[in-house]
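> Got a sequence here, can you build the structure:
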Amino acid sequence: MSILNNLINGISLGSVYAIIALGYTMVYGIAKMLNFAHGDVIMVGAYVCFFATGQFGLPPLVGVLLAMVVCTVLGMVIERLAYKPLRQAPSLAVLITAIGVSYFLQNSALLLWKSDPKVFTSVVGNGSVKLFGGQLTITHVAIVTVLACVVIMLALTWFTGRTKMGKAMRACSEDKAAAQLMGIDVDRTISMTFAIGSALAAIAGVLLCSTYPSLMPTTGSLPGIKAFTAAVFGGIGSIPGAMLGGILLGIIEIFAKAFNTNISDAVVFAVLIVVLLVKPTGLLGKVVREKV
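Got it, this is the predicted structure:
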């Protein structure tokens, strides 16, 4: 039963990584950049929900929706101010800017909300389902997290494949110049991608803090990096790959913690190294040939 418990906990944690990785993979797939500030948007979303439900007494659902709205606006502002001017800049300049934005958000949160950890109240509640005479326990948070991950993945797959904006995103992913010649507003499409990714970050932040109820300005840093690892593991740019990579990475981390807590993070990043050595495109990634 301990193995089954660990498996369920791993799928739950992996679902959070998958939701974060979906934001990474969408931005990279379309804008071809790594938004390392994504993990800090998670933290902002969690703080917004924390104050909305704890300080102002709003219902949990309203708190989650408010966090999504704030993070969506924040993502679009970051894209407009920090990344849009660097559209034609070398990738190294964009990467350094993303790291700078990440530290800016962390230190802004430190000034606003101080460094002391806050106890986050779960938006789902503390209930659980007990099976096999209480030997197997599945929390309501774990159930909601897995369901949210599946629904978001299916919704994004439908959105990118069926809607006009989704097709515009796929066109920009293939060739921005050709998409612009066909009448697609590339800047608006990239902004919409950041908006969607940031809204997903808010959901991930709320679910992460509901599972591990401690909130501080650095809360999103390590999960954000692990979610990036999950995106690479599954195949960055692939929506199903992000989900698969996130869930597998969550399972690996939980089983590594069960074996030895001190090595769990090392095992997660060792997976990234092995994947890059053996299959650089990830599990579901495709080799893209660049035309010269």
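> Quick check: which ranges of the stretch 151-292 of the chain have low pLDDT?
Scanning the stretch 151-292 of the chain with the threshold set as pLDDT under 70 gives 286-292.
> Please, where are all the strands along it?
Counting by DSSP state E, counting those that start in this stretch, the stretch 151-292 of the chain has these strands, from start to end: 214-215.
> And the helices in it?
Secondary structure of the stretch 151-292 of the chain (DSSP state H, counting those that start in this stretch): helices located at 164-174, 176-181, 186-211, 221-234, 239-259, 264-278.
> who wins for proximity to residue 14 among these?
Among these, helix 239-259 comes nearest to residue 14, with 2.3 Å by CB to CB. C-beta here means a position set from N, CA and C on the backbone, and glycine is covered the same way.
> angle of that closest one against helix 221-234?
Taking axes from the mean of the first three to the mean of the last three CA atoms, to 10 degrees, one finds helix 239-259 and helix 221-234 inclined to each other by 120 degrees.
> packing partners for helix 239-259?
helix 2-31, helix 140-162, helix 221-234, helix 264-278 (3 or more CB pairs under 8 Å, 6 or more residues apart in numbering; DSSP states H and E).
> tell me the contacts of residue 63?
Contact partners of residue 63, counting by CB atoms under 8 Å, 6 or more residues apart in numbering, are 48, 49, 50, 52, 53, 123, 206.
> Comparing the helices and strands packed on helix 239-259, which comes out most buried?
helix 221-234 (a mean of 26; mean count of other CB atoms under 10 Å).
> can I get the CA coordinates of it in CSV?
C-alpha atoms of helix 221-234 as CSV (Å, rounded to 0.1, in the frame of the first residue of the first chain):
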residue,chain,number,x,y,z
SER,A,221,11.3,29.1,-7.9
LEU,A,222,12.1,25.4,-7.5
PRO,A,223,8.7,24.1,-8.8
GLY,A,224,9.2,26.3,-11.8
ILE,A,225,12.6,24.9,-12.6
LYS,A,226,11.3,21.3,-12.0
ALA,A,227,8.4,22.0,-14.3
PHE,A,228,10.9,23.2,-17.0
THR,A,229,12.7,19.9,-16.5
ALA,A,230,9.3,18.2,-17.0
ALA,A,231,8.7,20.1,-20.2
VAL,A,232,12.1,19.1,-21.6
PHE,A,233,11.5,15.5,-20.4
GLY,A,234,8.2,15.2,-22.2
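> by contact count, what packs against that helix?
By 3+ CB pairs under 8 Å, 6+ apart, helix 221-234 packs against helix 2-31, helix 38-54, helix 186-211, helix 239-259, helix 264-278.
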